[in-house]
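J.: My questions are about this predicted structure, shown below with the sequence.
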Amino acid sequence: MGITFKPLSSRLVMEIDPWATEGVQNYKEICEKFGLETINPNELPSPTHLHRRGIIFAHRDLDNVLEARNAGRPFGVLSGLMPSGQIHLGHKMVIDQARWYQELGGDVTITVADLEAHATRGLSLEACRKYAIEEYVTNYAGMGLDPDKTSIYFQSERPIVQKLGFTLGKKTNLSEMEAIYGFSGDTTLAHVQSPLVQAGDIVHPQMDEYGGLRPIVVPVGIDQDPHMRLTRGMVSKTNWFNVNTNKSGGLTIGLSIQDNNTEVMGIREDGGVDNKQRTKVIDRVVGAINKAGFSQINSNPKHGKIDIKDASEKDRNELRYHLLGLERSLGGFGFMQPSSTYHQFAVGMTGGKMSSSQPETTMFLNDSMEAIEKKIKSSFSGGQATLEEHRKKGGNPDIDVAYQYLRYFFEDDDKELERIRNEYVSGELLTGEMKSICIEKASEWMKNHHELKDQNQHLVKKFLK
């Protein structure tokens with residue numbers, strides 16, 4: 001799901017998967033536990049059915065992306081694929097999100113995690129490339145992504161992501177990795193290295209040669225949040241200027257002294273402060289603050305702090321943007337922490353988890369119409385055991401796979417979906433009728449997709465950059 005970076009420990013998945021465990025059963029609890037902000041679809045421009053129905057339910061720093069769009073600044077979305085199996089409907093949900101951001105004006109970067117597949121699943125790089133192109137990119141061509149604003153690349157062919165992984169890796173340690181991923185003495189070093197390479201994937205689109213400084217959002221399932229927390233933490237530790245709320249409600253900027261910026265920050269070889277250089281960098285910071293539109297500034301060069309009285313928490317992103325630009329001009333990375341959104345897990349055809357390694361649990365985008373019909377007819381039902389009981393008690397759409405697939409993938413009309421739900425709950429709509437509706441809608445979507453896929457095969461090479 002999501003960016004396709006598979007967690008190396010299954011403990012998080014087992015704890016939060018509401019379809020397969022006895023753990024947390026609602027996403028409000030997940031937001032509270034992991035410190036996520038809920039998404040209000042009414043505050044989004046042209047929200048998709050995934051937003052309107054609460055399927056995309058939470059975020060980290062999505063405001064940064066929306067503010068950039070409203071200000072006319074560039075922004076991007078990053079996703080990925082694991083080139084080791086067939087593409088299924090779960091991947092469609094992520095591409096739908098990427099296309100939405102693209103329609104809002106963003107660019108799309110998709111990483112093919114061939115190094116991860118090679119390290120963790122034993123596939124050759126040649127096999128990974130074949131999987132990626134024949135299974136994924138050909139289907140992406142039929143999903144409406146704009147090839148002129150989409151870049152699909154292979155990890156093995158973009159060395160900068162590995163270099164960044166090692167560089168960012170200096171900002172974490174094995175204890176933190178163990179705490180986040182559950183690594184143990186049996187974990188291979190390839191597994192340990194993999195999240196660092198993924199962090200390189202996530203942040204590298206901000207480099208000048210790949211689009212420059214801009215917020216990047218990563219749409220993922222909640223099982224991918226460890227990667228986002230790790231990456232956000234490492235990125236924040238590379239930043240040269242920290243922005244925090246002070247006691248008076250304004251913002252305070254503090255200098256972060258690091259191995260690669262001591263001279264710029266006015267630190268002499270003996271550890272003392274070069275007041276002339278410190279004042280120089282503080283003046284540059286004040287200039288960036290003025291550029292951001294703030295003027296009530298009180299600086300303290302000796303302690304490396306700057307208070308901004310006329311700025312508040314809502315101005316944090318604007319200030320960070322200008323400070324990161326300054327950091328870049330001084331020789332630093334100037335990376336923004338990545339944003340992320342989180343979507344609910346789509347239930348598998350059998351009522352458990354959707355998995356490409358278990359064909360009976362999902363629809364593959366290359367499935368025939370006959371295979372789709374067969375899977376839906378045998379899918380897990382929320383109906384009652386007998387016709388009489390169903391008419392009396394009604395069905396449960398929350399566990400009914402056919403209904404859930406309409407909700408996630410095949411029914412765009414919210415009013416029509418609500419009508420179907422109400423008739424099923426009342427017992428008016430029978431299980432077989434629910435499955436027939438799903439078969440009709442799924443077949444229609446799949447037929448259109450196959451046609452668009454075939455029509456757009458000439459675009460495949462344009463996606464690979």
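T.: Great, that's in hand.
J.: give me the number of residues near the residue lying closest to residue 88 once chain neighbours are set aside?
T.: The shortest distance from residue 88 to any non-neighbouring residue, by CB to CB, 6 or more residues apart in numbering, is to residue 362 (4.3 Å). Backbone N, C-alpha and C define where each C-beta goes, glycine included. For residue 362, the count of nearby residues is 25 (other CB atoms under 10 Å).
J.: Next one, pLDDT for residue 115 please.
T.: Residue 115 carries a pLDDT value of 86.
J.: which residues sit in contact with it?
T.: 125, 155, 156, 162, 194, 197 (CB atoms under 8 Å, 6 or more residues apart in numbering).
J.: Can you say which helix or strand has residue 285 in it?
T.: Using DSSP states H and E, residue 285 sits within helix 275-291.
J.: Could you pull out the buried residues of that helix?
T.: For helix 275-291, a neighbour-count test (16 or more other CB atoms under 10 Å) marks 277, 278, 281, 282, 285, 286, 288, 289 as buried.
J.: And stretch 390-402, by the same measure?
T.: 390, 394, 395, 397, 400, 401, 402.
J.: right, and out of the residues you listed, which lies closest to residue 252?
T.: Comparing these against residue 252 with CB to CB places residue 397 closest, at 50.7 Å.
J.: Strands along the stretch 1-150 of the chain, start to end?
T.: Here the stretch 1-150 of the chain has its strands, by DSSP state E, counting those that start in this stretch, at 37-38, 56-60, 76-81, 107-112, 150-154.
J.: Residue 292 and residue 319 touch, don't they?
T.: Yes: between residue 292 and residue 319 there is a contact under CB atoms under 8 Å: 5.3 Å.
J.: any shared contact partners between these two?
T.: With CB under 8 Å, 6+ apart as the test, residue 292 and residue 319 both reach residue 311.
J.: out of the contacts of residue 115, what pair is the most spread apart?
T.: 125 and 194 (15.0 Å).
J.: out of those two, which sits in the more crowded spot?
T.: More crowded of residue 125 and residue 194, by other CB under 10 Å: residue 194, with 24 against 16.
J.: My understanding was that that one contacts residue 118; is that so?
T.: No: look at residue 194 against residue 118 with CB under 8 Å: they stay out of range, at 10.2 Å.
J.: excluding its backbone neighbours, what's nearest residue 133?
T.: Nearest one to residue 133, counting by CB to CB, 6+ apart, is residue 460 at 6.8 Å.
J.: same check, this time on residue 97
T.: Spatial nearest neighbour of residue 97, chain neighbours left out: residue 219 (4.3 Å); criterion: CB to CB, 6+ apart.
J.: Quick check: phi and psi on the one you found?
T.: phi -80, psi 120 (degrees, to the nearest 10).
J.: Identify the residues contacting it.
T.: With contact set as CB under 8 Å, 6+ apart, residue 219 has these partners: 2, 3, 56, 77, 79, 94, 97, 98, 340, 341, 343.
J.: circling back to that earlier point, quick one, which of residue 292 and residue 319 is more surrounded?
T.: Between residue 292 and residue 319, counting by other CB under 10 Å, residue 319 is the more crowded of the two (21 against 17).
J.: Next secondary structure after the helix or strand harbouring the more buried one?
T.: For residue 319, the host element (DSSP H and E) is helix 316-329. The element immediately downstream of helix 316-329 (helix or strand, assigned by DSSP H and E) is strand 339-343.
J.: Mind listing what's buried along that following strand?
T.: 339, 340, 341, 342, 343.
J.: quick one: that strand to chain centroid distance?
T.: 5 Å (CA atoms, centre = their mean, to the nearest Å).
J.: likewise stretch 401-411?
T.: With CA atoms, centre = their mean, you get 22 Å for stretch 401-411.
J.: same question for that stretch, mean pLDDT?
T.: 97.
J.: repeat for stretch 314-326
T.: 95.
J.: do stretch 298-307 as well
T.: The model assigns stretch 298-307 a mean pLDDT of 93.
J.: where in the stretch 101-250 of the chain is pLDDT low?
T.: For the stretch 101-250 of the chain, no stretch has pLDDT under 70.
J.: Can you tell me the strand partners of the helix or strand where residue 217 lies and which way each runs?
T.: Using DSSP H and E, residue 217 sits in strand 216-221. The strands that strand 216-221 pairs with in its sheet are strand 76-81 (parallel), strand 339-343 (parallel) (by DSSP bridges).
J.: ok, the spatially most distant residue from the centre of the chain to residue 427 distance?
T.: The outermost residue of the chain relative to its centre, with distances by CA atoms, centre = their mean, is residue 388 at 45.3 Å. Noted for residue 388: a distance of 10 Å to residue 427, by CB to CB, to the nearest Å.
J.: cool, and residue 97?
T.: 35 Å.
J.: ok, those two, which is more surrounded?
T.: residue 97 (25 against 18).
J.: Is the more buried one in contact with residue 50, as I believe?
T.: Yes: counting by CB under 8 Å, residue 97 touches residue 50, with 6.8 Å between them.
J.: Mutual contacts of the two, please.
T.: Between them, residue 97 and residue 50 share the contacting residues 56, 343, judged by CB under 8 Å, 6+ apart.
J.: Save the buried residues of strand 339-343 as TSV, and put in pLDDT too.
T.: Conversion of the buried residues of strand 339-343 to TSV gives the following (pLDDT from 0 to 100):
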residue	pLDDT
339	98
340	97
341	97
342	95
343	93
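J.: Out of these, which two sit at the greatest distance?
T.: 339 and 343 (14.2 Å).
J.: For residue 402, list the residues it contacts.
T.: So residue 402 contacts 376, 379, 381, 431, 434, 435, 437, 438 (CB under 8 Å, 6+ apart).
J.: wouldn't residue 91 be in contact with residue 132 here?
T.: No: Residue 91 lies out of contact with residue 132 (CB under 8 Å); the separation is 12.0 Å.
J.: residues shared between the contacts of these two?
T.: In contact with both residue 91 and residue 132: residue 81, using CB under 8 Å, 6+ apart.
J.: still on that earlier bit, out of the strands paired with strand 216-221, flag the one nearest residue 245.
T.: Using CB to CB, the strands paired with strand 216-221 put strand 339-343 closest to residue 245, at 19.6 Å.
J.: Show residues contacting whichever helix or strand comes after that closest one.
T.: With elements assigned by DSSP H and E, the helix or strand that comes after strand 339-343 is helix 369-377. The contact list for helix 369-377 (CB under 8 Å, 6+ apart) reads 349, 360, 363, 367, 401-402, 405, 435, 438-439, 442-443, 446-447.
J.: And helix 369-377, what's buried?
T.: Per 16+ other CB under 10 Å, helix 369-377 contains these buried residues: 372, 373, 375, 376.
J.: chain center to the helix or strand just after that helix, what's the gap?
T.: Following helix 369-377 in sequence order, the next helix or strand is helix 387-393 (DSSP H and E). In this view, helix 387-393 has its centroid 42 Å away from the chain centroid, taken as CA atoms, centre = their mean.
J.: need the longest helix for this structure.
T.: Determined from DSSP state H, the single longest helix within the chain is helix 431-455.
J.: So which elements touch it?
T.: helix 138-140, helix 369-377, helix 401-405, helix 414-426 (3 or more CB pairs under 8 Å, 6 or more residues apart in numbering; DSSP states H and E).
J.: Fine by me, we can end here.
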